[in-house]
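Chemist: Requesting a structural model of the entry that follows:
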Amino acid sequence: MNSIFSTLPIFLALSVASAVAEDTALVVDADQPIGKVSPLHYGLMTEEINHSYDGGLYAELVQNRAFLDNAGRPVHWSVVQGPGAAATITLDRAAPLNDILTNSLRLDAAYDEEEGGRARRPNSLRLDAATASKSGLAGIANDGYWGIPVKPHTKYRASFYARAAAGFKGPIKVAIESDDGVTTFAEAKVSGIGAGWKLHTVTLKTGNVTPTAKARLVLSINRPGTVWFDLVSLFPPTYHNRPNGNRVDIMQMLAGMKPSFLRFPGGNYVEGDTFESRFDWKKTIGPLARRPGHACCWGYRSSDGFGLLEFLDWCEDLKMEPVLAVYAGYNLNHTHIDAGPALQPCVQDALDEIEYVTGDTSTQWGAERAKDGHPAPFKLTYVEIGNEDEFDRSGSYDARFAQFYDAIKAKYPNLKCISTIGTEHRSQMIHSRKPDVIDEHYYSAAADFDRDSPAHWDKYDRNGPEIFVGEWAAYEDTKPWETPSRKLPPTPSLKAALADAAWMAAMERHSDLIVMQCYAPLFVNVNPGARQWRPDLIGYDALNVYGSPSYPAIRMFSQNHGDAILKTTVANPPLHYSVTKDAKTGDIYLKIVNTQSTPKLVEITLRGLASLAPDATAITLSAPGSGDSNSIDDPARVVPVTTTVRNIKPAFTHTFAPWSITVLRLKGVSL
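Modeler: Model (predicted):
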């Protein structure tokens, strides 16, 4: 992938004859820090939405691998019948692999009506081949998540459980084929199929093939017989070669953001539509064959292959600090569990979860984590109690929060507890316990962020709880939750990115108060039918990944900030800015966001410096129009350009392009 921080020329709407907006004066007192930049300021938030994990970050390529996504039919699976072959496939509930892989919450309305919707029934896929031969194979095929990505000279790991009726020993051919069955990209054979369930694993290696997503995984036989399959899996190479790991290209995009923390499981995924569909963490750990999965609250089923330990491994891979959200007794269907004895099992479950994350191997759940492959405890500082509990109109959150708070503080006094009701919902804020941190969420029109950013955080009490902006994003005009939004591109334009940058500049100026912040949603699979929300930061299909203009904007901020906020005054007219300094290097990071359609000339004065290097680095994100954006087909339409600015002095002027985000990196020496 080409670096998104390209140094190739892009449009800069500047010329000698350009009309330049009214001068702005910006004065920086480089020797007067007024606050500290939080080391956890820039991070990531994620939940299972828009196929963020299954069909996204989680590298598994087989969709509906345990045949539980639909009660009545094997969705995403089809029968393969070569010349002269005759075969059928059916879901079979007899003699299952185990009693763990069950479909407890159906998404199939007909089944709900027929069997009450809550019967726990295991499934396997039964292949009955009446006739089959070497020239006419019979089998099953999976179409993946909008295709199986095929890349040249790549090793894939395929695995599956199988058993057979008496007399059938195999072989089973495992192949990655074109979706029309004409081309075989890679294949291997498995023998020794018996009457009992057994796990089989093979490696498939492609040759010099042209990349394509028009492919499928096929398991086939060359003689008559009956074979049952379960937990059929296909993995490409993963980031850091982790088993059950993540897509390499998406992880590389995330690494480029230099995130300091990960908020997980994140969003509505924590509480689920119902108690049964919450993120039940104990069912997401251990072998995949013991993870039943659950109904995701965004209309599809989560395999839970991406479980609690996978979140923690993700943190380890990108050197992020985990911010753990625990289920706190509220569900999206507006049901809740009252504080007291009824809530206590949920409190204990949260304590067990914290022990799984932080406990050593002498503890019950620390030992369980070691059994799962990670003996060393993870660092944990913040625990979020619930998610967006302002939607609980019963007023129960105060008492629920207090019960969790008291239990957590009693066992883990150094942990900081995050309340999910912020100051924007003052009437519902908790009173019986003072939260260490308050989580606030902002989804706003670009014009609102543009207008509100300069003064929004000025009104906050510095003696109150710390602030965590756990979800935020600007949208151009159409609200994300409105139907017309679904007709727009999945990722935002430069217009939204400019507003995002204005909001980030304000948060960075106040990062003595705002200890953490993260954009949401992070991911979207751009294929038709995969998306539930926009705007989204990073888009992908089976083969490709790209960042919206907001992605490089966040990179520009997260990669260029110091540890101290400098006193800065701006006059005539105001603009979006942030100025920080690195105490070790002396670097000064001046960020300017011009949301207007005309260039802006700024007079910049730096006081309190013994010396200032004559050359500075400028990183600029701009485009011919604020509506310009990136996409799968045009991933680098809006990218930053890095240039050198000469003749820097303690007092100098700089013209900022229209519709631009600029980071000026200055090298200074303090008095």
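Chemist: per-residue pLDDT, the residue of the chain positioned farthest from its centre?
Modeler: Using CA atoms, centre = their mean, the residue of the chain lying farthest from its centre is G167. It sits 47.4 Å away. In this model, G167 is scored at 88, pLDDT.
Chemist: What distance do you get for it to R223?
Modeler: For G167, the distance to R223 (CB to CB, to the nearest Å) stands at 10 Å. In this view, the C-beta of every residue, glycine as well, is placed from N, C-alpha and C.
Chemist: And T595, by the same measure?
Modeler: Relative to R223, T595 is positioned 68 Å away (CB to CB).
Chemist: what's the answer for S396, then?
Modeler: 62 Å.
Chemist: Same question for A407.
Modeler: Counting by CB to CB - A407 and R223 are separated by 60 Å.
Chemist: Quick one: the helices in the stretch 451-600 of the chain, in order.
Modeler: For the stretch 451-600 of the chain, applying DSSP state H, counting those that start in this stretch gives helices covering 494-509, 550-558.
Chemist: tilt between the first one and helix 550-558?
Modeler: Interaxial angle, helix 494-509 versus helix 550-558 (axes from the mean of the first three to the mean of the last three CA atoms, to 10 degrees): 20 degrees.
Chemist: any idea which strand is longest in the protein?
Modeler: Criterion DSSP state E: the longest strand present in the chain is strand 21-36.
Chemist: Parallel or antiparallel, which strands does that one pair with?
Modeler: Paired strands of strand 21-36, with direction, are strand 564-571 (antiparallel), strand 600-607 (parallel) (DSSP bridges).
Chemist: As a check, name the ranges of all helices in this structure.
Modeler: 109-115, 248-255, 308-317, 344-358, 364-371, 397-411, 446-452, 494-509, 550-558 (DSSP state H).
Chemist: Let's have those in TSV, adding mean neighbour count and distance to W77.
Modeler: Putting the helices of the chain into TSV (neighbours: other CB atoms under 10 Å; distance: least, CB to CB, whole Å) gives the following:
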stretch	mean neighbour count	distance to W77
helix 109-115	13	17
helix 248-255	18	26
helix 308-317	21	25
helix 344-358	18	34
helix 364-371	17	33
helix 397-411	18	42
helix 446-452	19	43
helix 494-509	28	39
helix 550-558	24	35
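Chemist: Lowest average confidence across those, which one?
Modeler: Comparing mean pLDDT across the helices of the chain, the weakest is helix 109-115, with a mean of 38.
Chemist: who does I385 bridge with?
Modeler: In beta-bridge terms (that is, DSSP bridges), I385 pairs with V326.
Chemist: neighbours of it, just the number please.
Modeler: 28 (other CB atoms under 10 Å).
Chemist: shaky segments in the stretch 51-200 of the chain?
Modeler: Along the stretch 51-200 of the chain, the model assigns pLDDT under 70 to residues 103-121.
Chemist: again, only this time at 80
Modeler: Within the stretch 51-200 of the chain, the segments meeting pLDDT under 80 span 102-121.
Chemist: So the protein: which segments form each domain?
Modeler: 21-36+562-670, 77-235 (automatic domain parsing).
Chemist: now the strands for the stretch 551-671 of the chain?
Modeler: Taking DSSP state E, counting those that start in this stretch as the test, the strands found in the stretch 551-671 of the chain are 564-571, 576-581, 587-594, 600-607, 609-612, 616-621, 641-645, 651-656, 660-670.
Chemist: Please identify the pairing partners of the longest one and their relative orientation?
Modeler: Going back to what we said before, that points to strand 660-670. With DSSP bridges as the test, strand 660-670 pairs up with strand 587-594 (antiparallel), strand 609-612 (antiparallel), strand 616-621 (antiparallel).
Chemist: Please identify the deepest-packed of these.
Modeler: When you average the neighbours per residue for each of the strands paired with strand 660-670 (mean count of other CB atoms under 10 Å), strand 587-594 leads with a mean of 24.
Chemist: can you map out the strands along the stretch 1-150 of the chain?
Modeler: Taking DSSP E, counting those that start in this stretch to define them, one finds strands in the stretch 1-150 of the chain at 21-36, 44-45, 77-81, 86-92, 102-103, 121-122, 124-131, 138-142.
Chemist: Can you give the contact residues for the last one?
Modeler: Read that as strand 138-142. For strand 138-142, the external contacting residues (CB atoms under 8 Å, 6 or more residues apart in numbering) are 62-65, 76-82, 85-87, 89, 125, 127, 129, 131-132, 148, 172-173, 177, 216-221, 229, 232, 234.
Chemist: Then the second one?
Modeler: Contacts made with strand 44-45 from outside it, assessed by CB under 8 Å, 6+ apart, are listed as 254, 257, 259, 261-264, 266-267, 320, 470-471, 518-520, 522.
Chemist: Can you tell me which of these has the most neighbours?
Modeler: When neighbours are counted by other CB under 10 Å, R263 leads the contacts of strand 44-45 with 30 neighbours.
Chemist: My read is that that one contacts N387, right?
Modeler: No: R263 is beyond contact range of N387, at 9.7 Å (criterion: CB atoms under 8 Å).
Chemist: anything in contact with each of the two?
Modeler: Residues touching both R263 and N387 (CB under 8 Å, 6+ apart) are A325.
Chemist: Excluding covalently adjacent residues, which one is nearest to W281?
Modeler: L308 (4.7 Å; CB to CB, 6 or more residues apart in numbering).
Chemist: Who are the contact partners of that neighbour?
Modeler: Taking CB under 8 Å, 6+ apart, one finds 265, 281, 284-285, 353, 356-357 in contact with L308.
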